[in-house]
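Student: With the input below, show me the fold.
(one chain, ligands or ions: 1)
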Amino acid sequence: MRYQFKFRPYRRRFLRSLTTNHGKWEIREGVILRLTDETLRVGWGEIAPISWFGSETLEQALDFCHQLPGEITDEMIFSIPDELPACQFGFESACDMGSRGDNCITPNSSLFYSALLPAGEAALNQWQTLWQQGYRTFKWKIGVYAIAHELKIFESLIHTLPASTKLRLDANGGLSYEEANLWLWTCDNFKANAELPIEIEFIEQPLPVEQFQGMLELSTSYETAIALDESVATLGQLAACHQQGWRGIFVIKPGIVGSPSRLRKFCHQHQIDTVFSSVFETAIARQAALQLAAELSQNNRAIGFGIDHFFEQEQTWLQSLWKDL
Ligand code: MG
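Tutor: Model (predicted):
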């Protein structure tokens, strides 16, 4: 199959900046792709890299788009190098979408969403609004402030959240081995005392990527589950961690993990426990990512796409971007 190829870079400001252990994030930048096949069917795709998370940079993605001719083929799309995982996702999902012909955006209501709480004390004032919107799984960033301070907020948080809430703690690799032990021990303790009406679902990426062995050890020492995120940013990393014995949870960010067809193959082959998560993409990449999540999610885990409150109404914004593409 041959496609006419066009692309356009975009910049979007978050309604409020996003604070993680990696620092502040104010503007989301990416590239929107349009592929038109010989029958004039149109497929949209999006490249939404996060280089500090392990994907290519926006510049590398743009360079790749610039050097492509105006007409491209399936062969070219399926041979995008592994160093450009966000490009693999963007191009493959654009030709998938074109071939399925479903251009409308239909989030799958059977998937439950997890909502992101702000780091620190702000979480205590934010969850109510999200709860009213229907969210029952929350993620809270830890490793942002001093651990003693965060443990205090954590204690208030778990005693204020309504029964049956699920809470995920995401350290973004920001804890030391001792701090990770303290968090896991604290979570185990709350669970053992059974006084806790809420469920602490897992701690996400407690240690930096280089400390895989440490996380493997922690995962066998505590009841509280651990999910790898930064460690499994791309399909190559995911396969390597699985091969080195990781049997905990894998967070998959379809937008940067790489080729969707190879991801499908890996998940089907190994039946891994996955949580699908957003890279703060627009509705275009989100649709493709949700499609994958619906196909490949197991164990009824909420997916991390509860991020609508971070951007303004996007329909109008996307339409204005597409208008002259
Ligand atoms: Mg994470």
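Student: longest single strand anywhere in the protein?
Tutor: If each strand of the chain is counted by residues according to DSSP state E, the longest one is strand 2-20.
Student: which strands and helices sit next to that one?
Tutor: Using 3 or more Cβ pairs under 8 Å, 6 or more residues apart in numbering; DSSP states H and E as the contact test, the elements touching strand 2-20 are strand 23-37, helix 58-67, strand 71-73, helix 314-322. For glycine as for every other residue, the C-beta is placed from the backbone atoms N, C-alpha and C.
Student: Could you rerun that using 6 Å?
Tutor: Packed against strand 2-20 by the contact rule (3 or more Cβ pairs under 6 Å, 6 or more residues apart in numbering; DSSP states H and E) you find strand 23-37, strand 71-73.
Student: Of these, which shows the lowest average pLDDT?
Tutor: Per-stretch averages of pLDDT across the helices and strands packed on strand 2-20 put strand 23-37 at the bottom, with a mean of 92.
Student: buried ones in that one?
Tutor: For strand 23-37, burial by neighbour count (16 or more other Cβ atoms under 10 Å) applies to 28, 29, 30, 31, 32, 33, 34, 35, 36, 37.
Student: Excluding chain neighbours, what is closest to the third one?
Tutor: Read it as residue 30. residue 48 (4.1 Å; Cβ to Cβ, 6 or more residues apart in numbering).
Student: pLDDT at the one you found, what is it?
Tutor: You'll see residue 48 listed with a pLDDT of 97.
Student: quick one, what contacts it?
Tutor: Each residue near residue 48 by Cβ atoms under 6 Å, 6 or more residues apart in numbering is listed here: 30, 255, 279, 281, 285.
Student: Tell me the residues on the stretch 201-325 of the chain that lie near the ion, please.
Tutor: Within reach of the ion by Cβ under 5 Å from the ion, the stretch 201-325 of the chain has these residues: 204, 229.
Student: all strands of the stretch 201-325 of the chain, in order?
Tutor: Assigned by DSSP state E, counting those that start in this stretch, the strands in the stretch 201-325 of the chain fall at 226-228, 249-252, 273-276, 303-306.
Student: Would you format these as JSON lines with mean pLDDT and mean neighbour count included?
Tutor: Output for the strands of the stretch 201-325 of the chain, formatted as JSON lines (pLDDT from 0 to 100; neighbours: other Cβ atoms under 10 Å):
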{"stretch": "strand 226-228", "mean pLDDT": "98", "mean neighbour count": "25"}
{"stretch": "strand 249-252", "mean pLDDT": "97", "mean neighbour count": "25"}
{"stretch": "strand 273-276", "mean pLDDT": "95", "mean neighbour count": "22"}
{"stretch": "strand 303-306", "mean pLDDT": "78", "mean neighbour count": "23"}
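Student: and those as a markdown table, adding distance to residue 205?
Tutor: A markdown table is the format used below for these (distance: least, Cβ to Cβ, whole Å):
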| stretch | distance to residue 205 |
| --- | --- |
| strand 226-228 | 6 |
| strand 249-252 | 8 |
| strand 273-276 | 12 |
| strand 303-306 | 13 |
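Student: what two of the buried residues of strand 23-37 are the furthest from one another?
Tutor: The span of those, defined through Cβ to Cβ, is set by 28 and 37 at 28.6 Å.
Student: coming back round to it: which one of the buried residues of strand 23-37 is nearest the ion?
Tutor: Comparing those against the ion with Cβ to the ion places residue 28 closest, at 16.2 Å.
Student: Any idea what residue 141 is bridged to?
Tutor: With DSSP bridges as the criterion, the beta-bridge partners of residue 141 are residue 170.
Student: surely it meets residue 169?
Tutor: No - with contact defined as Cβ atoms under 6 Å, residue 141 does not count as touching residue 169 (8.1 Å).
Student: Looking at the two, which is more packed in?
Tutor: Applying other Cβ atoms under 10 Å to residue 141 and residue 169 shows that residue 169 carries more neighbours, namely 27 against 24.
Student: mind listing what that one touches?
Tutor: The neighbours of residue 169, taking Cβ under 6 Å, 6+ apart as the test, are 140, 142, 203.
Student: okay if I get these as JSON lines plus neighbour count and pLDDT?
Tutor: Formatted as JSON lines, the contacts of residue 169 follow (neighbours: other Cβ atoms under 10 Å; pLDDT from 0 to 100):
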{"residue": "140", "neighbour count": "25", "pLDDT": "95"}
{"residue": "142", "neighbour count": "25", "pLDDT": "95"}
{"residue": "203", "neighbour count": "25", "pLDDT": "98"}
